[in-house]
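Chemist: missing the sequence, but the structure's below:
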């Protein structure tokens, strides 16, 4: 079986979910273009395309919190990815939360649900 | 805390990840517009916006395999969602696989990784 994500979809950007390989926690969602995909395969560390900075983004390149890719899943339509990763530094979010998905809605209430692992002021100096 | 997904991003469509509330398995990724978001909150069952059919999509409306939403997570940028769900019928994918992410890449090889739960020919008659 030889498969490729279909980068003709989504204007060349596909959503990529980073999931903790051990706990199954969803840590973040970012986007990959073909270059990010190729760099991820080549290096074994997650690369994305930053929509805000409009460039290739080696996740953790600034903070040191890189994502070691253990396996990759591709969906039925070949247009969404899951990266099963080991998150260095213990946090994926630039706010210092372990997961970017730290707002939880349940029974009509929003609350914070993911611990703060680092102080962003200390990491991004 | 009062939060709302920011539907001004992504052309009005935000990615929504459906995750099995018990196992943590990622079952699918689809898109929500504001109407899908409101219908999901109102009914407690996942609604998406179908990009291929260009309309509101009540997941499981045809197959009966609805998704009961137990909680919702929103990310730091307010532009991606996780639905923690109970998947009725045991499968999220129209192919009959439990997860749409049934292609796994590991050590240079693609293989299937999610069991087939139903025969789509029997469900979509």
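Modeler: It's in. Quantities reported herein were computed from a predicted structural model and do not represent experimental measurements.

Chemist: tell me the confidence at residue A:123?
Modeler: Looking at residue A:123, its pLDDT is 68.

Chemist: surely residue A:47 touches residue A:61?
Modeler: No - with contact defined as CB atoms under 8 Å, residue A:47 does not count as touching residue A:61 (9.1 Å). C-betas here are computed from N, CA, C, even on glycine.

Chemist: report the central residue of chain A.
Modeler: residue A:18 (3.9 Å; CA atoms, centre = their mean).

Chemist: identify the bridge partners of that residue.
Modeler: Beta-bridge pairing of residue A:18 under DSSP bridges involves residue A:28, residue A:83.

Chemist: quick check: it vs chain B, distance?
Modeler: 11 Å (CB to the nearest CB, to the nearest Å).

Chemist: ok, that residue to residue A:111 distance?
Modeler: Distance of residue A:18 to residue A:111, given as CB to CB, to the nearest Å: 23 Å.

Chemist: try residue A:104
Modeler: 6 Å.

Chemist: between the two, tell me which one has more neighbours.
Modeler: residue A:104 (18 against 10; other CB atoms under 10 Å in any protein chain shown).

Chemist: which strand residues bridge that one?
Modeler: residue A:111, residue B:73.

Chemist: which residues sit against the helix or strand where residue A:35 lies?
Modeler: Element membership for residue A:35 (DSSP states H and E) is helix A:34-43. Outside helix A:34-43, the residues that touch it by CB atoms under 8 Å, 6 or more residues apart in numbering or on different chains are A:5, A:7, A:12, A:32, A:46-49, A:56-58, A:69, A:72, A:83.

Chemist: run the last query once more with 6 Å
Modeler: A:7, A:46, A:47, A:48, A:49, A:56 (CB atoms under 6 Å, 6 or more residues apart in numbering or on different chains).

Chemist: and those residues, which two are furthest apart?
Modeler: Among the contacts of helix A:34-43, the pair separated by the greatest distance (CB to CB) is A:7 and A:46, at 16.7 Å.

Chemist: show me which of those two is the more surrounded one.
Modeler: residue A:46 (26 against 18).

Chemist: I'd say that one and residue A:59 touch.
Modeler: Yes - counting by CB atoms under 6 Å, residue A:46 does reach residue A:59; the two are 4.7 Å apart.

Chemist: I am finished for the moment; much appreciated.
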